[in-house]
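Asks: Sequence plus the predicted model coming up.
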Amino acid sequence: MREKLSYAQRQRFLLILFLAALVLTIVVAAATATTLAPLSFGELAGKATAVARLRCLGATSTMSGGEIWTLTQFEVVRSEKGSLPERVTIRMPGGRAGGLRSHVDGVPEFRPGEEVYLFLWNRAGEPYRVLGWTQGTFRIFRDALSGAEMITQDSSISVFDPETKTFRREGIARMDLEHFETKLRKAIAAAQ
């Protein structure tokens with residue numbers, strides 16, 4: 001004979017189902033999360049097949065093999081490492097195609113006219129990719145007060161140090177462009 005559950009038992013059962021669904025959702029989200037190994041500036045310079053100051057011309061997204069890919073066109077302003085043509089296409093996961101949008105954490109997006117320094121990587125016969133995604137993306141901007149060109153790494157973040165109980169900056173943030181270029185050239189020379 002089947003017993004009926006009391007109101008309290010039904011509430012407890014529903015709460016357990018809800019918590020199980022929540023745990024399952026978190027596990028699935030964690031399993032599909034993007035994790036990149038941190039790369040130092042020197043490692044970026046050494047592993048990159050090309051490093052250049054680029055100006056974004058525009059981007060298009062396409063569906064390929066069930067995945068959405070964005071192809072971004074850049075004009076080469078100055079090449080610091082590697083041999084690049086006048087125009088470069090970068091292929092990165094994510095974008096909008098066929099009425100769908102795919103967002104991949106850590107993948108940089110670019111706006112037409114924007115200037116960046118990118119640490120690029122590719123294999124023979126394949127399109128270029130940004131090495132370390134946001135780690136290899138450095139955006140150039142003008143300081144509002146001085147008018148000087150500055151640069152900030154996309155992955156530049158504030159990190160709390162529990163020992164000193166202070167925040168410290170990791171990555172490059174608001175660095176004078178001339179200083180950045182000097183640092184870049186030294187890192188490329190040291191990696192060769």
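Replies: Noted; the coordinates are in hand. Residues are numbered from 1 along each chain as shown.
Asks: which stretches of this protein form helices?
Replies: For the chain, applying DSSP state H gives helices covering 7-31, 41-47, 177-191.
Asks: average pLDDT for the shortest one?
Replies: The pLDDT scores in helix 41-47 average 97.
Asks: Pass me the low-pLDDT residue ranges in this protein, would you?
Replies: 1-2, 14-15, 17-36, 158-159 (pLDDT under 70).
Asks: and for stretch 70-88, what are the contacting residues?
Replies: For stretch 70-88, the surrounding residues in contact (Cβ atoms under 8 Å, 6 or more residues apart in numbering) are 45, 48-62, 89-95, 109-110, 115, 117-118, 120, 127-128, 181, 184-185, 188. Every C-beta, even on glycine, is put in place using the N, C-alpha and C of the backbone.
Asks: my guess is D176 meets T152, correct?
Replies: No: using Cβ atoms under 8 Å, D176 makes no contact with T152, being 11.3 Å away.
Asks: More neighbours: these two, which one.
Replies: T152 (17 against 14; other Cβ atoms under 10 Å).
Asks: check contacts around T62.
Replies: Taking Cβ under 8 Å, 6+ apart as the definition, contacts of T62 comprise 68-69, 71, 95, 97.
Asks: can you pick the most crowded of those residues?
Replies: When neighbours are counted by other Cβ under 10 Å, G95 leads the contacts of T62 with 23 neighbours.
Asks: S64 is in contact with that one, correct?
Replies: No: taking contacts as Cβ under 8 Å, G95 lies outside contact range of S64: 10.9 Å.
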